[in-house]
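[1] Sequence and predicted model, in that order:
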Amino acid sequence: MQPASEANQRIARISAHLHPPNLQMEESAGLRRANCRAKGAAPGFKVAILGAAGGIGQPLALLMKINPLVSVLHLYDVVNTPGVTADISHMDTGAVVRGFLGQPQLEEALVGMDLVIIPAGVPRKPGMTRDDLFKINAGIVRTLCEGIAKSCPKAIVNLISNPVNSTVPIAAEVFKKAGTYDPKRLLGVTTLDVVRANTFVVEVLGLDPREVDVPVVGGHAGVTILPLLSQVKPPCSFTPPEIDYLTSRIQNGGTEVVEAKAGAGSATLSMAYASVKFADACLRGLRGDAGIVECAFVASQVTELPFFASKVRLGRTGAEEVLPLGPLNEYERAGLEKAKQELAESIQKGISFIKK
Ligand SMILES: NC(=O)C1=CN([C@@H]2O[C@H](COP(=O)(O)OP(=O)(O)OC[C@H]3O[C@@H](n4cnc5c(N)ncnc54)[C@H](O)[C@@H]3O)[C@@H](O)[C@H]2O)C=CC1
Ligand SMILES: O=C([O-])CC(=O)C(=O)O
């Protein structure tokens, strides 16, 4: 039996945590930290999600809470993090969850993080392109990356906010300005293109999606999304109509969801799945696992463009090697030329946003 005074102290501590006066996330975070230290958090990585209360952010937070590689999970947003944090924190999995609300708490949300995932920003509505989101999302990404440069300059960054083809160059310029830029640590998340490609290809081939790997290179918008159907594993072949159908469906997968949601946003659940798949690969790389290869939009010398999505080998310091594209067929070479034209403009637009 514990002495009554000790038990009372514990109850007081828990109840202060559950009912803090004027729910101040910072204060409740402090209590959580104390509890976590007392119990000894499981070994693992510290992960922050910026935009954690959104359509992607919430299921992403749920899935990261059950990831055994995560010991601490910080949920930051400009709205609704108290509720999302309270909800997720009741899950009986290892990661300790803390919530942070609004710009004044951004720095605290980021201190000590190993991995920062950014799904903050507005999504598309029918009729919009991803580039139409630039006006709002460019500024959001700049602010968040300034916070990263200040509070966790060595963190791996997984950037989801669209238009990825421009937001990744924006982030790079912010980090350069701050003197913290390490190209290996900045990765634009294009995993959903690979996830869709795998799904649509197995529909045609009649295989199990877990057996298939389709590389998707280039960028993350329309014709910049370039599936390399000649390099599908296991090796297989497609008829010309199948290639046209698959390429178009993969390139327009995002729009397919935007239209089906009819004004209620874009892909959130499949994106949360894809983001966790990618984040988990990054964490395994950080842990030192060998042979982890994923597609991502990174600083690159694979083409003449400064950024390009291709397979990268993930390791302790991020994207440690950018792998070559491999042999392309004529159809893919033509697609690559189209992709590069659009990509060049989107990349320049991002760079200019910070430089001017
Ligand atoms: N890379 C990819 O493959 C994909 C990217 N996306 C992009 O992800 C972004 C988010 O999409 P959803 O979650 O559906 O949108 P959403 O609107 O449901 O959620 C966005 C969240 O960001 C928050 N937010 C806004 N400004 C912020 C700031 N300054 N700091 C922190 N948080 C802020 C909002 O409060 C909201 O909770 C969009 O830009 C969308 O286009 C979506 C799907 C796939
Ligand atoms: O299409 C959108 O706007 C969201 C996105 O990037 C995707 O689903 O691939």
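    Received, thanks. Numbers count the residues shown, from 1 in each chain. Ligands and ions are numbered 1, 2, ... in the order given.
[2] and this protein, which residues reach ligand 1?
    By Cβ under 6 Å from any ligand atom, the residues of the chain that approach ligand 1 are 50-51, 53-57, 77-79, 119-124, 133, 137, 140, 143-144, 160-162, 164, 189, 192, 220, 265-268, 271. Using the backbone N, CA and C atoms, a C-beta is placed for each residue, glycine as well.
[3] Kindly recompute the last result at 5 Å.
    51, 53-56, 77-79, 119-121, 123, 140, 160-162, 164, 189, 192, 265-268, 271 (Cβ under 5 Å from any ligand atom).
[4] all strands for the protein, in order.
    45-50, 70-77, 96-101, 115-118, 156-159, 186-188, 216-218, 225-227, 292-299, 307-315, 318-322 (DSSP state E).
[5] Any chance of those in TSV with mean neighbour count, mean pLDDT and distance to ligand 2 as columns?
    Below are the strands of the chain laid out as TSV (neighbours: other Cβ atoms under 10 Å; pLDDT from 0 to 100; distance: least, Cβ to the nearest ligand atom, whole Å):
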stretch	mean neighbour count	mean pLDDT	distance to ligand 2
strand 45-50	28	98	17
strand 70-77	26	98	19
strand 96-101	25	98	25
strand 115-118	26	99	13
strand 156-159	26	99	12
strand 186-188	27	99	11
strand 216-218	29	98	11
strand 225-227	27	98	8
strand 292-299	22	98	12
strand 307-315	24	98	12
strand 318-322	19	98	20
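[6] Let's have the ones you listed in JSON lines, adding distance to residue 176.
    Output for the strands of the chain, formatted as JSON lines (distance: least, Cβ to Cβ, whole Å):
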{"stretch": "strand 45-50", "distance to residue 176": "20"}
{"stretch": "strand 70-77", "distance to residue 176": "23"}
{"stretch": "strand 96-101", "distance to residue 176": "26"}
{"stretch": "strand 115-118", "distance to residue 176": "17"}
{"stretch": "strand 156-159", "distance to residue 176": "14"}
{"stretch": "strand 186-188", "distance to residue 176": "11"}
{"stretch": "strand 216-218", "distance to residue 176": "24"}
{"stretch": "strand 225-227", "distance to residue 176": "27"}
{"stretch": "strand 292-299", "distance to residue 176": "11"}
{"stretch": "strand 307-315", "distance to residue 176": "13"}
{"stretch": "strand 318-322", "distance to residue 176": "16"}
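[7] I'd like to know which of these is closest to residue 283.
    strand 45-50 (5.3 Å; Cβ to Cβ).
[8] Pull up the pairing partners for the closest one, direction included.
    strand 70-77 (parallel), strand 115-118 (parallel) (DSSP bridges).
[9] what sits up against the last one?
    Defining contact as Cβ atoms under 8 Å, 6 or more residues apart in numbering, one finds that strand 115-118 is touched by 45-51, 60, 64, 110, 141, 144, 148, 152, 155-161, 275, 279, 282-283, 286.
[10] switch to 7 Å and redo it
    For strand 115-118, contacts defined as Cβ atoms under 7 Å, 6 or more residues apart in numbering pick out 45, 47-51, 60, 110, 141, 144, 148, 152, 155-161, 275, 279, 282-283.
[11] still on that earlier bit, please produce a ChimeraX select command covering the buried subset of the residues of the chain next to ligand 1.
    Listed next is the ChimeraX selection for buried residues among the residues of the chain next to ligand 1, using 16 or more other Cβ atoms under 10 Å:
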select :51,53,54,55,56,77,119,120,121,123,140,160,161,162,164,189,192,265,266,267,268,271
